[in-house]
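In: Below is the sequence, then the predicted model.
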Amino acid sequence: MNECGLCERALEHGYLCNGDLLALAERLDRMPKLYTALGAFLAPAVHGGGERTGKGHATAVLPVNEAVLDLRYGGIALVLESWRSDVQACRGWGEPAIEGSVERRVLASARWLGMSLEWIAASYPAAGDLAREVREMEGAALSIVGALPERGRRIGQCVAVDASGVICGAVLYHRPGETRLACPWCTCVYEARDFLMLKTLQPEGAS
Ligand SMILES: [Zn+2]
Ligand SMILES: [Zn+2]
């Protein structure tokens, strides 16, 4: 008999109960949006970037929310990437490639972990620690930005296929009044007339 690594509920197999697995999936899905939302809480001098040459140091430095900086520059990306790296190592795979902007890295690692959750819950003994750390990180970010905007009604997973044949799989939400949806992962756009098609193309078991 195993138990859930997060809530310690007894499990017949695996390392994460269904409830905590679902919560983790939703947190990973929200993480890139949360990351973007944090950007608004940086002082303009830092947000603008670019002009931080030597003489800049002589002028007054605007107050910056250190917690936001920690989460934005490295924090979220590094935490997600180190979990991804460990999961890949556990599966006997090589190190993940880390490239692009921090925003890109948050997106890529959250997405990768999201797509690996089935394996993580079933076969990864540290699944509970992963779920706990993601939950804490989200809590820290939410304590800065407040609640995320209403996410709307879940209409299904993104069915776009990338160049390597992998289905995107991001969860898509429709907010009242929206006539089109942009996938948060692959940026593929769905018009209102596509919503029904989207429903019929859902993978087995998803709803
Ligand atoms: Zn649990
Ligand atoms: Zn997509």
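Out: Sure thing, it's come through. Ligands and ions are numbered 1, 2, ... in the order given.

In: C-alpha only now, for contacts and for neighbours.
Out: Noted.

In: Residues of the protein that sit close to ligand 1?
Out: 4, 6-7, 17, 20 (CA under 5 Å from the ion).

In: Pipe the residues you listed into a markdown table and attach secondary structure per row.
Out: As requested, those are arranged in a markdown table below (DSSP: H, G, I helix; E, B strand; the rest coil):
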| residue | secondary structure |
| --- | --- |
| Cys4 | coil |
| Leu6 | coil |
| Cys7 | coil |
| Cys17 | coil |
| Asp20 | helix |
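
In: what about Trp119, which SS state?
Out: helix.

In: What's the local residue count around it?
Out: 15 (other CA atoms under 10 Å).

In: go on, Pro96?
Out: 15.

In: Excluding sequence neighbours, find me the nearest residue to it.
Out: Ser85 (6.2 Å; CA to CA, 6 or more residues apart in numbering).

In: now do Cys188
Out: Ala182 (5.6 Å).

In: Kindly report the same for Val171.
Out: Excluding the flanking residues, the one nearest Val171 by CA to CA, 6+ apart is Gln157, at 4.4 Å.

In: Same question for Met115.
Out: Per CA to CA, 6+ apart, closest to Met115 is Gly169, 7.7 Å.

In: my guess is the one you found meets Ile155, correct?
Out: No: using CA atoms under 8 Å, Gly169 makes no contact with Ile155, being 12.0 Å away.

In: Neighbour count: the two, which is higher?
Out: Per other CA under 10 Å, whichever of Gly169 and Ile155 has more neighbours is Gly169, with 20 against 16.

In: give me the element that one is part of.
Out: Per DSSP states H and E, Gly169 falls between elements, in no helix or strand.

In: tally of neighbours for the residue nearest to Cys188?
Out: Ala182: 15 neighbours (other CA under 10 Å).

In: could you list every residue that touches it?
Out: 188-190 (CA atoms under 8 Å, 6 or more residues apart in numbering).

In: looking at it, Gly74 is touching Val102, isn't it?
Out: Yes: contact criterion CA under 8 Å: Gly74 and Val102 qualify, at 7.0 Å.

In: circling back: just checking, the residue nearest to Pro96 is part of a helix?
Out: Yes: counting by three-state DSSP, Ser85 is part of a helix.
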